[in-house]
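1. I'd like to go over a predicted model; first the sequence, then the structure.
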Amino acid sequence: MRNMIYVGVIALACCGITSAEESYEHIVNVSLTGGGVDFEGDEAVDDSYAVSLHVGLDYTERWTLEAVLTSLPHLEESLAHSYGTRVSRLQRTAGAGVDETSAIGLAVDGLYHFTRWERLDPYVSIGLGIMHYEDDVGAQTDPTVRVGGGIFYHLSDHLALRADLRVITAGTDSEVNSLFGGGVMWTFAKRVATPTTPTSIDSDGDGLQDSEETRTGTNPFERDSDFDGLSDGDEIHTYKTNPLLRDTDGGKVADGHEVIEDGTDPLAAGDDLQYFELNMQFDGDEWEIRPEYHSDLDAIATVLRSNPTETARIEGHTDTQEQPSSRKQKKLTRRRAESIAAYFQKTWKIEAGRLETVGYGSKRPKAENHPKTGNTINRRMEIYIRDSQ
């Protein structure tokens with residue numbers, strides 16, 4: 001039976017790893033935790049320590065499927081008092097002379113995350129499993145139902161601390177036990193496509209076959225080779241723009257921004273909005289504007305003051321290094337955009353209705369982000385001015 005449990009957890013782990021290779025959105029993690037198990041008072045064994053190995057697969061952004069192998073290596077007998085004497089509950093079921101035993105369990109839990117990839121990542125869980133004892137404790141193998149929760153504290157993209165609590169209903173007589181512990185989790189990086197010889201396939205899903213991309217000079221493993229916001233296939237087949245040139249018409253605004261936000265023609269420079277790019281740096285995860293950037297903002301504000309019909313769209317962008325969470329990246333860059341709008345309102349009396357703010361986080365880079373160090377080119381503020389007349 002124990003060998004079957006080991007085979008089961010290894011199979012589940014392999015299935016998780018296979019899924020991660022088939023879709024880069026599926027991320028595998030491994031945890032090692034230690035803690036204890038609290039048995040119901042009338043059970044054959046007493047409370048003890050426990051060690052667990054968890055192999056998880058992030059099936060979606062909110063849900064993790066986790067295979068759990070738990071070892072209870074030393075379970076002492078539980079004693080009952082009967083007519084002034086102490087009687088071993090374990091020996092009642094396992095036989096005379098058995099004063100300790102051990103157990104091993106296998107379970108599959110579904111974890112629902114409330115704030116996945118935030119620094120603090122609480123979750124609730126539900127799962128099914130079995131617990132197999134070395135000796136007969138009323139039944140050598142008990143089916144279990146597990147409910148509980150816990151929290152992860154992400155130290156980095158890969159390393160996290162975790163704390164867990166499970167309430168476990170075991171056996172046909174529904175004994176209620178609890179398992180608690182804490183430990184560390186290591187998350188493996190998302191799969192990166194390995195370049196291969198271009199064929200008739202479309203490796204990056206941009207609407208161009210790899211062989212076409214080889215002829216045009218675009219990257220067959222990057223949907224948007226020039227980082228302008230449009231896929232290579234859309235640039236060639238739909239908009240007739242240059243997939244290797246971020247700003248095809250030379251009007252200073254990226255092709256994707258003209259198509260998606262502005263509604264202007266990416267092949268005609270004359271209709272481009274007024275565009276300002278500020279490579280502003282902020283202190284850590286902050287959004288307060290440093291005084292050295294006031295003169296740059298003042299120059300833009302004078303443009304707005306000179307024409308009351310003009311409106312401004314203020315966009316915040318960053319790289320992948322500043323925050324482990326895309327949600328926090330968007331929130332941070334939005335607050336930075338809002339701080340610029342607040343400066344325009346307070347210092348230059350620009351009406352709030354003329355100012356629009358948005359934070360894109362790291363979703364719209366100008367250049368490729370390094371997996372570990374990001375790219376400072378992508379840390380920028382962009383301001384687009386439109387005449388509403």
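-> Yes, it's here.
2. what distance separates stretch 360-373 from the middle of the whole chain?
-> With C-alpha atoms, centre = their mean, to the nearest Å as the basis, stretch 360-373 stands 16 Å off its chain's centre.
3. Leaving aside the residues adjacent along the chain, what's closest to the residue nearest to the spatial centre of the chain?
-> Computing the C-alpha centroid of the chain and ranking residues by C-alpha atoms, centre = their mean puts Trp117 first, at 4.2 Å. Take Trp117 and drop its neighbours on the chain: the residue closest to it by C-beta to C-beta, 6 or more residues apart in numbering is Ser325, 4.1 Å away. Heads up, the C-betas are built off the backbone N, CA and C, glycines and all.
4. For that neighbour, give me the pLDDT.
-> At Ser325, the pLDDT value in this model is 80.
5. go on, the one 4 residues further on?
-> pLDDT, Gln329: 90.
6. Is it in a helix, a strand, or coil?
-> Following DSSP: H, G, I helix; E, B strand; the rest coil, Gln329 is assigned to helix.
7. List the buried residues in stretch 161-173.
-> Buried positions in stretch 161-173, judged by neighbour count with 16 or more other C-beta atoms under 10 Å: 162-166, 168, 170-171.
8. could the residues you listed be laid out in a markdown table, adding distance to Ile314?
-> As requested, the buried residues of stretch 161-173 are exported to a markdown table (distance: C-beta to C-beta, whole Å):
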| residue | distance to Ile314 |
| --- | --- |
| Arg162 | 39 |
| Ala163 | 41 |
| Asp164 | 43 |
| Leu165 | 45 |
| Arg166 | 47 |
| Ile168 | 53 |
| Ala170 | 58 |
| Gly171 | 62 |
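9. Grab the two from those that are most spread out in space.
-> Using C-beta to C-beta, the pair of these lying farthest apart is Arg162 and Gly171, separated by 27.6 Å.
10. buried stuff in the helix or strand hosting Ala301?
-> Assessed by DSSP states H and E, Ala301 sits inside helix 294-306. The neighbour-count check on helix 294-306 (16+ other C-beta under 10 Å) flags 296-297, 300-301, 304 as buried.
11. and that helix, how far from the chain's centre?
-> 38 Å.
12. next structured bit after it?
-> strand 310-317.
13. Now do that following strand and helix 294-306, the angle between them.
-> 150 degrees (axes from the mean of the first three to the mean of the last three C-alpha atoms, to 10 degrees).
14. hang on, the earlier thing: check contacts around the residue nearest to Trp117.
-> Listed by C-beta atoms under 8 Å, 6 or more residues apart in numbering, the contact set of Ser325 reads 116-119.
15. hmm, try it at 10 Å
-> Applying C-beta atoms under 10 Å, 6 or more residues apart in numbering to Ser325 gives the contacts 115-119, 121, 154, 157, 331-332, 361.
16. ok, which stretches of the stretch 1-150 of the chain are strands?
-> Ranges of strands in the stretch 1-150 of the chain, per DSSP state E, counting those that start in this stretch, are 27-38, 48-58, 63-76, 79-82, 85-88, 100-113, 120-133, 141-154.
17. Just the pLDDT for the spatially closest residue to Ser362 that is not a sequence neighbour.
-> Take Ser362 and drop its neighbours on the chain: the residue closest to it by C-beta to C-beta, 6+ apart is Thr320, 4.8 Å away. What the model reports for Thr320 is a pLDDT of 86.
18. And His81, by the same measure?
-> pLDDT, His81: 72.
19. can you pull the contacts of the residue nearest to it when sequence neighbours are not counted?
-> Spatial nearest neighbour of His81, excluding adjacent residues (C-beta to C-beta, 6+ apart): Val87 at 7.6 Å. By C-beta under 10 Å, 6+ apart, the residues touching Val87 are 77-81.
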